[in-house]
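Asker: Build me a structure from this.
(one chain, ligands or ions: 1)
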Amino acid sequence: MQYEGVLTKMETEYGKPIQYYLVFENSFLNVNQLLDKNIEISLEGFQCLNCGKKKKIYRQGFCYECFYSSAAVGDWIMKPELSTAHLGIEDRDLVYEQKVQLQPHIVYLALSSEIKVGVTRKTQVPTRWIDQGATQAIAIVEVPNRYLAGITEVALKDHYADKTNWRKMLTNDIEAVDLVAERIKLEHLIPTEVQEYFYSEKNDLYQLDYPVLQYPVKVKSLNLDKMPNFQGKLTGIKGQYLLFEDGTVFNVRGSEGYMVSIKV
Ligand SMILES: [Zn+2]
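Answerer: Sure, this is the predicted structure:
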């Protein structure tokens, strides 16, 4: 079988284990079914996810021009504390920003190697945690807009990591911690204006179970720009990565906008 199309991040379905799908324009592929099989990935070109032009991808699936003009990749995405839609102040497109920022957001602790703090829209639970390859996650607060989530994250960043260590996540090198106990410990760090949104009693710890037959000991990242053709046996899927028997890992999300063919 051969599949061809523009890569976008894998769609996921929460389950035991999590189900992964590659969705192309005219077909889709349940990636779990490729476990223990040889597959071949070839780079065929590029297509910007925003303007659709066949231009080289700059970042996050966008060409250079779109990355610096689209409202979907403003600075407040990566730095939620810079959100200003709740004040009626525009960054790139106020209507878009109001739609995305003025909705319930969660600040959470996730465990992918060590404890990490992060922000997500409530609708992205548990998708966001699956995309990060977290094995456990718990919500700390639910707030009505992105700004309040952002200032909470900033207050917690002095105490927890805010980035995923992807090498440790992929080799399954995970600290033993109790996220429920950790949430109780951090209550006093929450900013005053967010205290009323703190989750204190909820028993809502998520356990996430990935389809991995065998974790690599050491990982090397596949870069299609440098190696436009790769073949290997798929041994696992975690986060947005495909794991291969020889230790090669492929970040599907990191290759958004790349046009590929996949032979199974
Ligand atoms: Zn573009």
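Asker: make it CA atoms for all contacts and neighbour counts henceforth
Answerer: Will do.
Asker: what about the helices in the stretch 1-150 of the chain?
Answerer: 64-67, 75-78, 94-101, 127-132, 146-157 (DSSP state H, counting those that start in this stretch).
Asker: Check whether the residue in the stretch 101-250 of the chain that the ion sits nearest to sits in a helix, strand or coil.
Answerer: As assessed by CA to the ion, the ion sits closest to Asp225 within the stretch 101-250 of the chain, at 18.4 Å. Following DSSP: H, G, I helix; E, B strand; the rest coil, Asp225 is assigned to coil.
Asker: Next, count neighbours for it.
Answerer: 10 (other CA atoms under 10 Å).
Asker: Angles on the backbone of it, please.
Answerer: With angles defined as degrees, to the nearest 10, Asp225 sits at phi -60, psi -40.
Asker: now the residue most central in space within the chain, nearest residue through space, not along the chain?
Answerer: The residue lying closest to the centre of the chain (CA atoms, centre = their mean) is Asp131, at 3.5 Å. Spatially, and ignoring its direct neighbours in sequence, Asp131 is nearest to Gly239 (4.3 Å; CA to CA, 6 or more residues apart in numbering).
Asker: ok, back up a step: I'd like the helices of the stretch 1-150 of the chain laid out as JSON lines, including mean pLDDT and distance to Gly254.
Answerer: JSON lines is the format used below for these (pLDDT from 0 to 100; distance: least, CA to CA, whole Å):
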{"stretch": "helix 64-67", "mean pLDDT": "94", "distance to Gly254": "15"}
{"stretch": "helix 75-78", "mean pLDDT": "90", "distance to Gly254": "15"}
{"stretch": "helix 94-101", "mean pLDDT": "95", "distance to Gly254": "22"}
{"stretch": "helix 127-132", "mean pLDDT": "97", "distance to Gly254": "11"}
{"stretch": "helix 146-157", "mean pLDDT": "96", "distance to Gly254": "24"}
